[in-house]
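Novice: Any chance you can model this:
(2 chains)
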Amino acid sequence: MKMKRLRLMVVRSEKDRLLRELIKRGCVEFSEIGDQLREEEAQHLVTRESSALTALKSQQAELSKALSLLDKYAPKKSKLLSAPQELDGEQFLDESGIGSALRAAESITGQDERIKRINAEESRQRGIIESLQPWESLELSLDTEGTKTSTVVLGSLSARISLDQVDAALAQASEEAELFRISSDKGQNYVVLVCAREALASCQECLRTFGFTAAALSGMSGTARECIFNAKEALTDLAKEKAGCESAIVDESIHRDDLKLCYDRISTQIALAEAEELLYGTETTLVMEGWMPAEREEELAAVFERYHCAWETRDPEEDEYPQVPVQLKNNTFTNSMNMVINMYSLPAYGTVDANPLMAPFFILFYGLMMADMGYGLIMIAAALVAMAMIKPRGGSLAFCQLLLYGGISTFIMGALTGGFFGDAPYQIVHMINPNSTWQGLPYLFSPVYNSNEVLYGSMVLGLIHLITGMIVSFVQKAKAGNLADGIFEEGSIWVIFIGAVPLALGIVLGQGVAKTLGLVILVLGVLMLLFGAGRHSKGFGKITAAFGCIYNTLTGWFGDILSYSRIMALMLAGGVVAQVFNTIAAMPAQSLGAANPLAILAFILIFLIGHVLNFGLNLLGCFVHDLRLQCLEFFGKFFVDGGKPFRPLRISTRYARPKES
Amino acid sequence: MEFLNTIGGYALGLLGAGLAAALAGIGSAKGTGIAGEAGAGLISEDPSKAGKVMILQVIPGTQGLYGFVIWFLAFGKLVPDMSVAQGLQVLSACLPIALAGLLSAIAQGKVAAASINILAKKPDDWSRGMILCIVVEFYAILGLLASFLMLNSITF
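Specialist: Here you go, the predicted model:
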């Protein structure tokens, strides 16, 4: 689609109104203004506009967080396959309600913060209980330090150390010391050392050799049992408080729809703010530059008419092309190819739009690779259901369309190859009547029985595909005034092909004349190719260029054409795997009889699992390999990539969406 | 030859069929294992991605299926009194999917694990990771086809 550069000046008081008008129409992409306004002498005249972008973004993040918290604490089942709500564009520009939504969001996130603090406190209390459990039977306050003459130390020893040995050693270290066993678990013995104050050092020294560790219970008062009781009390209170916070969040879920609407409103504000930051202005006027589709110029002219503004448009210069955004002009058929082109790259501005060229091939190849009536029907049904229920737009619409056209093509190819969930009709008929002489669905060609023909057929299709690409390239070169390039690069290959046909026929039929004629044309083609390759180089470079060209052409064409054998490979693989599953599924019926309910159940189960797997794998596999044939082999012949997508200022939302005008 | 005769064609055929199922199965087990380990790490951080992780994890599982398909076809061809030559024919026909399945599934498992990284860091682009996995798949499909066409051409 042709683009035009727009330059616009507007009085400051009308800025907001104009921006709102533009965002609703969604047809202008704002960009940095031209150099002359950013030069030094202009610097003190105009300044870049500022906006509340950062604040808006943090508000958006807050709402987003609150919404995901609502989904966590008050999950709401959304209807599967439902179209998003549609609202008038004005609704998204409305700023009312944002304040109260933000307050609701803050209350939700605040409650969540509290829940987090409660969780931390809960795990602290649980830790206390865990560390006190071994001391539960000790009827001694934990902060007891002893009496005037004696002292008490709580601690633990590894369970591997015999306490009797420790007792004996302790008795040697001091006479006035005793070790009381409190409790033990798998790894530790919990003990209390009671000894005379003056003997403490020597006792501890003695125990240290056994790996005695003093218990870290500082700050506790009362007996262990009391402390545990207190901690448990605290835990119950915390649980109550947490439940309160959670129900407070659930209570806020009545605001869910408001939050969603305001999220979209803030997204719209952000889009406006981002555009605003690209404006430059004086106290009273503002200037902006951007890109717009040439075909909407009249519509915009009528809009600008109503404002106090001055504007001009111009076609982009050749050297500006890399900066010009690309918008493809699609009809409902070629729109499906957006799915493909977006995985690769948009064509550079001013080069040919590949979608209409690619669409028939892509859909044909896809059908050939899948080639099954049953799978085709599922794809068509899935696409139609999704289109009716979700009413998709943009990327998902392209996906649904691709699924629909691919499904139709798959169905047709399935009819030609006699595939319906593999050979399901044949298996079912033979399951019911083992003596049936029915040979299965009729077919025009079958990858299993005509493997060679299908293989050659795929390569011939490949040849047609590649030659189409070359014709596009030839026309492009001719249009750009490089007819000679086209003749020597594409033309010489065609001459070689033209020569190859009578040569091959002559060899096969033994016709000497055809053979000679073919050979002459072929040699002419090779000479053209050689001359073309050496045209731009000098001296010895001519020879290396010529040889390089022959080598590249030969290997390139061999590789490209052979690559199309994947059409046959995928066609065959899908069919074979389906066939094997059908055969396995029919086996119980063969031994148990078709009327046996167990056999029927086994058939249905194996059939379903097998075909879901095969279908899923082929759906993806065929897409990927078709994509490769288009992007590598086909695009290699003519496509210029590197286009920058057109991103106009428009209302782009997450939950509801603006009505289409 | 004497030695092979003592083994017999039937056993050689069984060996071939068994290798197709076993080697491709080992490959898939390893491949899905590698992807599963990476996936478990991501799920522990973000359980909502479990569905997508599972899709990536099962992709290297298809090789085992292909091996099983060839096992099934080869097993159907075996008869107890087949000759050594016939047994070797079946064995040879089973090798492409056995070897291609074994190695491609492991390689694919690594790609799937890396794609789980994409899913973790750039969730919107995870389908691109899936495409990377499917590229590896093609060579297993070629192995399957080679085995299938060879088995189909054997008649006795």
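Novice: elements contacting the strand or helix carrying A:His611?
Specialist: Using DSSP states H and E, A:His611 sits within helix A:597-628. Helices and strands touching helix A:597-628, by 3 or more CB pairs under 8 Å, 6 or more residues apart in numbering or on different chains; DSSP states H and E, are helix A:355-370, helix A:373-390, helix A:565-592, helix B:62-77, helix B:126-153. The C-beta positions use only the backbone N, C-alpha and C, and glycine is treated the same way.
Novice: mean confidence for that helix?
Specialist: The average of the pLDDT scores along helix A:597-628 is 90.
Novice: residues of that helix that come out buried?
Specialist: Residues of helix A:597-628 classed as buried: A:599, A:602-603, A:606-607, A:610-611, A:613-615, A:617-628 (neighbour count, 16 or more other CB atoms under 10 Å in any protein chain shown).
Novice: cool, and stretch A:390-399?
Specialist: A:390-392, A:397-399.
Novice: Then stretch A:348-361?
Specialist: In stretch A:348-361, counting by 16+ other CB under 10 Å, buried: A:348-355, A:357-359, A:361.
Novice: Now do the end-to-end distance for that stretch.
Specialist: 22 Å (CA to CA, to the nearest Å).
Novice: for it, what is the average pLDDT?
Specialist: In this model, stretch A:348-361 carries a mean pLDDT of 89.
Novice: So what touches that stretch?
Specialist: If you take CB atoms under 8 Å, 6 or more residues apart in numbering or on different chains as the criterion, stretch A:348-361 is touched by A:3, A:316, A:318, A:321-322, A:324-326, A:328-330, A:333-338, A:340-341, A:347, A:405, A:465, A:468-469, A:472, A:476, A:629-630, A:634-635, A:638-644.
Novice: Could you check how far the residue sitting nearest the centre point of chain A is from B:Tyr10?
Specialist: Residue closest to the average C-alpha location in chain A (CA atoms, centre = their mean): A:Met343, at 10.8 Å. Distance, A:Met343 to B:Tyr10, by CB to CB, to the nearest Å: 50 Å.
Novice: Please tabulate the helices and strands packed on helix A:597-628 in CSV, including the columns distance to A:Tyr280.
Specialist: Converted to CSV, the helices and strands packed on helix A:597-628 look like this (distance: least, CB to CB, whole Å):
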stretch, distance to A:Tyr280
helix A:355-370, 37
helix A:373-390, 42
helix A:565-592, 54
helix B:62-77, 58
helix B:126-153, 38
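Novice: who wins for proximity to A:Thr144 among those helices?
Specialist: helix B:126-153 (61.5 Å; CB to CB).
Novice: if I pick the residue in chain A sticking out farthest from the centre, what's in contact with it?
Specialist: Within chain A, A:Glu175 marks the point farthest from the mean C-alpha position, 75.9 Å out by CA atoms, centre = their mean. Shown in contact with A:Glu175 (CB under 8 Å, 6+ apart): no residues.
Novice: helix, strand or coil for it?
Specialist: Counting by DSSP: H, G, I helix; E, B strand; the rest coil, the backbone at A:Glu175 sits in coil.
Novice: From A:Ala199, how far off is it?
Specialist: From A:Glu175 to A:Ala199 the distance is 8 Å (CB to CB).
Novice: Buried ones in stretch A:475-485, by neighbour count?
Specialist: A:477, A:485.
Novice: same check, this time on stretch A:257-270
Specialist: For stretch A:257-270, by 16+ other CB under 10 Å, it's A:258-270.
Novice: Ok, stretch A:635-653 next?
Specialist: Residues A:635, A:637-640, A:643-644, A:646, A:648-653 are the ones in stretch A:635-653 that count as buried (16+ other CB under 10 Å).
Novice: Show me which residues of chain B sit near chain A.
Specialist: Within chain B, the positions near chain A by CB under 8 Å from any CB of the partner chain are B:62, B:65-66, B:69, B:72-73, B:128, B:130-131, B:134-135, B:137-138, B:141-142, B:144-145, B:148-149, B:152.
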